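**Q** Have a look at this prediction, sequence included:
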Amino acid sequence: QLDQSGGGLVHAGGALTLSCVLSGRTISDYTVGWFRQVQGKEREFVAVIIRQNGATLFSEFAQGRFAISIDSAKNTGLLQMNNLRPEDSALYYCGVTDRHIGNPMEEDQYTDWGQGTQVTVTS
């Protein structure tokens, strides 16, 4: 089970950290990805941290503004978002998989998902 938190309302230029707590399993055994979805649009890839080597990958819009990490002590995946823009407003989801991952930018690579957390950025 994945339990998300950390969303909220923030002004443009502000920051938020999203959390994704994994229950009953060890999160360092998993690849953790973050996606976001705006109503009426498809879910889009944000960032991923690969379990085997800790490598990270970001979408173009997240590069340089967002950071992804694992807090093993808290069994939590983290997405730190800085310099937020109104266009970052969306429902953010974390997904995990312990399987070999092909293209981490594809949501069907992930086996379990959090419930989503809303991020709203005002101008």
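**A** That came through fine.

**Q** now the farthest one out in this structure, which residue is it?
**A** residue 123 (22.7 Å; C-alpha atoms, centre = their mean).

**Q** my guess is that one meets residue 86, correct?
**A** Yes - the pair residue 123 / residue 86 is scored as a contact, 4.9 Å apart, by C-beta atoms under 8 Å. C-beta coordinates here come from the backbone N, C-alpha and C atoms, glycine included.

**Q** Between those two, which contacts overlap?
**A** Overlap of the contact sets of residue 123 and residue 86 (by C-beta atoms under 8 Å, 6 or more residues apart in numbering) consists of residue 12.

**Q** Need the nearest residue in space to the residue nearest the centre of the chain, chain neighbours excluded.
**A** Using C-alpha atoms, centre = their mean, the residue of the chain that lies closest to the mean C-alpha position is residue 34, 2.5 Å off. Take residue 34 and drop its neighbours on the chain: the residue closest to it by C-beta to C-beta, 6 or more residues apart in numbering is residue 46, 4.2 Å away.

**Q** Can you give me the neighbour number for residue 64?
**A** Using other C-beta atoms under 10 Å, residue 64 has 10 neighbouring residues.

**Q** contacts for stretch 80-88?
**A** Stretch 80-88 is contacted by residues 10, 12-18, 36, 61-62, 65-69, 119, 121-123 when judged by C-beta under 8 Å, 6+ apart.

**Q** Give the buried subset of these as a ChimeraX selection command.
**A** To isolate the buried members of the contacts of stretch 80-88 in ChimeraX, using 16 or more other C-beta atoms under 10 Å:
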select :10,16,18,36,62,66,67,68,69,119,121
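
**Q** still on that earlier bit, so what pLDDT did the residue nearest to the centre of the chain get?
**A** The model reports residue 34 with a pLDDT of 98.

**Q** And it, how far from residue 41?
**A** Counting by C-beta to C-beta, to the nearest Å, the gap from residue 34 to residue 41 is 16 Å.

**Q** Against residue 121, how distant is the nearest residue to residue 6 once chain neighbours are set aside?
**A** In space, and not counting its chain neighbours, residue 6 is closest to residue 18: 4.2 Å by C-beta to C-beta, 6+ apart. Counting by C-beta to C-beta, the separation of residue 18 from residue 121 is 13 Å.
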